[in-house]
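>>> this one's sequence-less:
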């Protein structure tokens, strides 16, 4: 059986753009730290697998976009600094301010369409319906600057705590399963599940080239804590369901492709980006005979942002024309 076509969504935090590339793929998303001097909007560019641009203005007018997720129904959710926006994957605006946020970083959507968002500074996770109605605005509290979120089909929510260096596991009703499921991480950012019981974590690191991706089981077991090393501040991470792993490196301004066993496929699959962050893949058939041409991937990018001490907010200055 041939794999279904997909789309890969990737954020950048400097040039405010959304890209589409062609590849075979599944899901995941980030905040800017590498070149933190300007604020951000979001626009959109499309790329072929070779990286050529297709469309550079799919979604515009965003404010420091970070986390991104899809709901399987053709909707794209973007966590901005102060709100969560909802769009179609073709770029149409459903609601640019669906949900107000305190300091949005991560977003995840479960199989029921419920939306989970984090508040980086407030240290909490909130839950909303697909229409933006609050379900529980303090579903999980007491977190340590939460960043990446991922939800599985068993009703479990995984949360990356940046300053604690941990991944916590909770039920989607907010009950604690294991608040320290995975420990010893270094500024974990976005996380992704592969559907086979494995969890991948992008560790941003401290210096330009000490970031890495670790692989764990969803029960907390270590598969390979140093699956991919020497990365330049990795942020976003996505899986295509075919054994391929995509990682955005904020400082190198690129997207690399690897196998889920850590082997490099193309460390510079897409280059010339601007502080790329979140990634997400959705199933969308491409035009062509029997729609067998594979996946299309979308890459998001945003203007540079001002550096912010963890847990504190700073005024935003947009680039001068």
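Thanks, I have it. Computed from a predicted model, the values in this text were never measured in an experiment.
>>> where's residue 84, which helix or strand?
In the assignment (DSSP states H and E), residue 84 maps to strand 83-88.
>>> The following helix or strand past that strand pairs with which strands, and in what direction?
With elements assigned by DSSP H and E, the helix or strand that comes after strand 83-88 is strand 93-100. Taking DSSP bridges as the criterion, strand 93-100 pairs within the sheet with strand 83-88 (antiparallel).
>>> What average pLDDT does the partner strand get?
Mean per-residue pLDDT for strand 83-88: 91.
>>> Stretch 131-146 now?
Across stretch 131-146, pLDDT averages out at 96.
>>> Can you give me the buried ones in it?
132, 137, 139-140, 143-146 (16 or more other CB atoms under 10 Å). From N, CA and C alone the C-beta is placed, and that goes for glycine too.
>>> Enumerate the strands of the stretch 1-150 of the chain by residue range, in sequence order.
With DSSP state E, counting those that start in this stretch as the criterion, the stretch 1-150 of the chain has strands at 7-12, 18-21, 43-46, 68-70, 75-79, 83-88, 93-100, 104-109, 115-119, 124-128, 134-140, 146-151.
>>> closest one to residue 209 among these?
The minimum distance between residue 209 and the strands of the stretch 1-150 of the chain falls on strand 7-12, with 19.3 Å, by CB to CB.
>>> What's the mean pLDDT across that closest one?
Strand 7-12 comes out at a mean pLDDT of 50.
>>> just to revisit the earlier point, the buried residues of stretch 131-146: which two are farthest apart?
Pairwise distances across the buried residues of stretch 131-146 (CB to CB) peak at 26.9 Å, for the pair 132 and 144.
>>> Please report the distance of the nearest residue to residue 121 once chain neighbours are set aside from residue 84.
Residue nearest to residue 121 in three dimensions, not counting chain neighbours: residue 103, with 4.4 Å by CB to CB, 6 or more residues apart in numbering. Applying CB to CB, to the nearest Å, the value for residue 103 to residue 84 is 12 Å.
>>> So for those two, which sits in the more crowded spot?
When residue 103 and residue 84 are compared for neighbours, residue 84 comes out ahead with 25 against 22, by other CB atoms under 10 Å.
>>> need the contact list for the more buried one.
When contacts are counted by CB atoms under 8 Å, 6 or more residues apart in numbering, residue 84 touches 77-78, 97-99, 101, 104, 107, 115, 117, 132.
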